[in-house]
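1. what's the 3D shape of this:
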Amino acid sequence: MRAGLDGLGERVGSAVDGYRIGMVGDGSPHWVSGFLAGAQGAILSFLVVVLPTMTAYVATSADPTNAEVGWPRSVAVGAALWLLGHGGVLRAGGSEVTLVPLGLTALALFAAYASARRTARPTRSAWLASLGGYLSVVGVALVLAAGSGPLGADALAVLRLLVGAVLVAGIGGGAALLGPAELARLTEPVWARLPRWSRLAARAGVMVAASLVVLASALTLVWFVLGRAATDDVVSALSLDPVGGVILGFAQLAVLPNLVLWAVAWLVGPGFAVGQGTVFAPAQVVGGPMPAMPILGALPISAGGPLLAAPLLLVLLGAAGGWWWHRRRDASGVWQPFAAAAVLAACAGGLVGLFALVSGGAAGPGRLAVVGAPVLELALVAGLLVLVGAAVVVVPAEAAVRAALSRGLRGIAGRLRGSGQPPEPGESNDDQPGSPDINAF
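-> Residues are numbered from 1 along each chain as shown. Okay, here's the model as predicted:
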C-alpha cells in the first residue's frame with residue numbers, strides 16, 4: 001500500500017514539474033506571454049501612427065472648414081494609415097491608396113520584435129500566440145478605420161491586410177522568440193532535401209539582392225544631395241508650421257524605403273514611375289506634375305551617357321555571387337555550375353521583383369494610380385544580368401567543365417582528321433573498317 005502511494009506521489013510530482021515547464025515565472029503559461037507581447041507590439045506601433053493624426057486634428061480644430069470633423073475621424077484616418085503599412089487600403093475622396101508606406105511596415109516589424117524580445121518567453125507556443133495577439137489589435141483597427149480602411153473596399157483588400165499582418169507579426173515575433181537556430185530546425189524538413197550546391201546558390205542570390213539594396217541606398221543619398229535645391233523649394237512653398245513640419249517629416253520617413261527600392265529598379269535598368277506617363281531610368285527621364293512632397297525633389301533628372309552603364313553593376317554582383325559559390329561548393333559535375341548560375345539568378349531576380357511588388361501601388365486618383373516599377377520586367381532583366389555575371393565566372397572556373405570541354409574539342413578534332421585526312425604517324429588505325437578489334441579476343 002505504501003509503495004503504491006509513493007508511486008502515485010512520484011507521478012503527481014512529475015505532472016506538476018511538467019506543467020511548470022510550460023509556465024512563465026509568474027505562473028501563467030508561455031502562450032499567454034506571447035499573446036500579450038503580440039498585442040503590445042501592435043498597440044505601440046498603432047499609437048505612433050495615430051498620435052500624429054490626432055495632433056493634426058487638434059492643431060487644425062479651430063479652422064472653420066474643419067468644424068464638422070470630429071476627433072473620431074482623426075482616429076479612423078490614423079488606423080487606416082497603420083493598416084496601410086500592413087498591406088491594407090486607404091480610402092479618401094472616392095479614391096483608393098494601395099501604396100504601402102514601407103517605413104510604417106518597418107516600424108511595425110521593430111515594435112513586434114522589441115515587444116516579443118522583452119516580454120514573451122522564447123518558445124514556439126508563445127510565438128504562435130503572439131500572432132493571435134497581434135491580429136486581435138488589427139481587428140480593432142479595422143473597426144476603427146471603418147469605411148476609410150479595407151472594410152470600405154472589398155474582401156480582397158481585407159485578405160491582403162490579413163496576410164500582411166501575419167507576415168509582420170510572424171517575422172518580427174519569430175526573429176525575437178525563435179532565433180536562427182530554432183528557425184533553421186523548423187524549416188529543416190524543407191531545405192534539407194535540397195542538394196548543398198543549390199542551397200549555396202540560393203544564399204548567393206540572396207546576398208546579390210541584399211548588395212543591390214545597399215547600392216541603391218547609397219544612390220538615394222546621392223539623389224538627395226543633388227536634389228536638395230528642389231527639395232528646399234517645395235518646403236518653402238508649403239509654409240508649414242511646427243506641427244505640420246513634424247507630420248510632414250514623419251510622412252517622408254514613411255515612404256523613404258519605397259524610394260530606396262525604386263532606386264533598385266533604376267539600377268537594374270527599367271526604372272520606375274511616379275505617376276502615369278512618367279519614367280525615371282538610366283536611359284531616359286520623363287517627368288510630370290508631382291505631389292507637393294519634398295522627398296520627390298530627390299528624383300533623378302539626368303539620363304543617358306555614363307548612366308547607361310548602371311545595369312552592369314548587376315553583372316558584377318552576379319560574378320561576385322558566382323565566385324562565392326565556387327569557393328564553397330563541393331566537388332561538382334559538368335552540369336552543376338550551369339544549374340547553380342541559374343538558381344542564383346532566379347533567386348536574385350525573384351527578390352528584385354518582390355521589391356518592386358511591395359514598393360509600388362496606387363498613391364491617389366488619376367495619374368497617381370501608377371506608382372512604382374514594372375514587376376515582371378524588372379525580375380526578368382535582373383535575373384538575366386545576374387545570370388550573365390554568374391555564368392562568366394562559375395562555368396570556366398570549374399575543372400570538370402574545362403575537362404569536358406577539352407575532351408569535346410579533342411573529339412571534334414579527331415573526327416575532322418578521320419573524315420578526310422590520313423592518320424598521323426603512330427596514330428591508331430583501329431577505327432577504320434575492316435581493322436580487327438584485339439579487345440574482342
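2. buried residues in stretch 89-102?
-> Neighbour counts over stretch 89-102 (16 or more other C-beta atoms under 10 Å) mark 89, 90, 91, 96, 97, 98, 99, 100, 101, 102 as buried. Any C-beta I mention is one placed from the backbone N, CA and C, and that applies to glycine too.
3. take the residues you listed and lay them out in a markdown table including distance to residue 53.
-> What follows is those, written out as a markdown table (distance: C-beta to C-beta, whole Å):
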| residue | distance to residue 53 |
| --- | --- |
| 89 | 17 |
| 90 | 12 |
| 91 | 15 |
| 96 | 19 |
| 97 | 15 |
| 98 | 19 |
| 99 | 18 |
| 100 | 18 |
| 101 | 14 |
| 102 | 19 |
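4. would you turn the residues you listed into TSV with distance to residue 248 and pLDDT?
-> Formatted as TSV, the buried residues of stretch 89-102 follow (distance: C-beta to C-beta, whole Å; pLDDT from 0 to 100):
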residue	distance to residue 248	pLDDT
89	23	91
90	17	89
91	22	86
96	23	87
97	17	90
98	22	92
99	17	93
100	19	94
101	13	94
102	18	95
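5. just the ones of those residues in helices?
-> In helices, judged by DSSP state H, the following of the buried residues of stretch 89-102 are found: residue 102.
6. pull the most distant pair out of the buried residues of stretch 89-102.
-> Largest separation among the buried residues of stretch 89-102 by C-beta to C-beta: 91 and 102, giving 20.2 Å.
7. before we move on, back to that, can you tell me which of the buried residues of stretch 89-102 is closest to residue 273?
-> Closest approach to residue 273 among these (C-beta to C-beta): residue 99, at 12.0 Å.
8. what about the closest residue to that closest one other than its chain neighbours, how many residues nearby?
-> Closest residue in space to residue 99, ignoring its immediate chain neighbours: residue 361 at 3.8 Å, by C-beta to C-beta, 6 or more residues apart in numbering. Applying other C-beta atoms under 10 Å, we find 21 other residues in the vicinity of residue 361.
9. what of residue 279?
-> Neighbour count for residue 279, taken as other C-beta under 10 Å: 16.
10. backbone dihedrals for it, please?
-> The phi/psi pair for residue 279 (degrees, to the nearest 10) reads phi -140, psi 130.
11. any idea how far it is from residue 125?
-> Between residue 279 and residue 125 the computed distance is 51 Å (C-beta to C-beta, to the nearest Å).
12. and the strands in the stretch 301-441 of the chain?
-> Along the stretch 301-441 of the chain, counting by DSSP state E, counting those that start in this stretch, strands occupy 371-372.
13. same deal with the stretch 51-200 of the chain?
-> Counting by DSSP E, counting those that start in this stretch, one finds strands in the stretch 51-200 of the chain at the ranges 90-92, 95-97.
14. quick one, helices of the stretch 201-350 of the chain?
-> Applying DSSP state H, counting those that start in this stretch to the stretch 201-350 of the chain gives helices spanning 228-238, 242-268, 312-328, 336-359.
15. ranking those by burial, who's on top?
-> Neighbour counts (mean count of other C-beta atoms under 10 Å) averaged over each of the helices of the stretch 201-350 of the chain peak at helix 336-359, with a mean of 23.
16. helices and strands around it, which ones?
-> The criterion is 3 or more C-beta pairs under 8 Å, 6 or more residues apart in numbering; DSSP states H and E, and the helices and strands that helix 336-359 contacts are helix 196-226, helix 242-268, helix 312-328, helix 375-397.
17. what residues does the third one touch?
-> Read it as helix 312-328. Contact partners of helix 312-328, identified using C-beta atoms under 8 Å, 6 or more residues apart in numbering, comprise 197, 200-201, 204-205, 207-208, 211-212, 215, 267-268, 337, 340-341, 344-345, 348, 382, 385-394, 397-398.
18. any chance of a ChimeraX selection covering the buried ones in these?
-> Here is the ChimeraX command that selects only those of the contacts of helix 312-328 that count as buried (16+ other C-beta under 10 Å):
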select :197,200,201,204,205,207,208,211,212,215,267,268,337,340,341,344,345,348,382,385,386,387,388,389,390,391,393,394,398
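19. let me know how buried the closest residue to residue 77 other than its chain neighbours is, in neighbour terms.
-> Distance criterion C-beta to C-beta, 6+ apart; nearest residue to residue 77, sequence neighbours excluded, is residue 53 at 5.2 Å. Neighbour count for residue 53, taken as other C-beta under 10 Å: 20.
20. for residue 53, give me its contacts.
-> Each residue near residue 53 by C-beta under 8 Å, 6+ apart is listed here: 74, 75, 77, 78, 81.
21. that older thread, save the helices and strands packed on helix 336-359 as TSV, and put in mean pLDDT and distance to residue 131 too.
-> Formatted as TSV, the helices and strands packed on helix 336-359 follow (pLDDT from 0 to 100; distance: least, C-beta to C-beta, whole Å):
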stretch	mean pLDDT	distance to residue 131
helix 196-226	94	25
helix 242-268	89	24
helix 312-328	93	34
helix 375-397	92	28
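22. about what we covered before: for residue 353, find the nearest of the strands of the stretch 51-200 of the chain.
-> Nearest to residue 353, of all the strands of the stretch 51-200 of the chain, is strand 95-97, at 22.3 Å by C-beta to C-beta.
23. that closest one packs against which elements?
-> strand 90-92.
24. quick check: can you name the pairing partners of the strand it packs on and their directions?
-> Partner strands for strand 90-92, per DSSP bridges, with pairing direction: strand 95-97 (antiparallel).
25. contact partners of the partner strand?
-> Under the criterion C-beta under 8 Å, 6+ apart, residues 84, 89, 90, 91, 153, 361, 362, 363, 364, 365 lie in contact with strand 95-97.
26. thinking again about what came up before, which ones are touching the residue nearest to residue 99?
-> With contacts defined as C-beta under 8 Å, 6+ apart, residue 361 is in contact with 97, 98, 99, 100, 371, 372.
27. and if you look at residue 358?
-> 100, 102, 261.
28. likewise for residue 104?
-> 45, 49, 81, 82, 84, 85, 254.
29. could you rerun that using 6 Å?
-> Residues counted as contacts of residue 104 (C-beta atoms under 6 Å, 6 or more residues apart in numbering) are 85, 254.
30. pLDDT score assigned to residue 28?
-> At residue 28, the model reports a pLDDT of 66.
31. and the gap between the nearest residue to residue 252 once chain neighbours are set aside and residue 220?
-> Nearest non-adjacent residue to residue 252, counting by C-beta to C-beta, 6+ apart: residue 295, 4.7 Å away. The gap separating residue 295 from residue 220 is 10 Å, by C-beta to C-beta.
32. what's the answer for residue 201, then?
-> Here residue 201 is placed at a distance of 29 Å from residue 220 (C-beta to C-beta).
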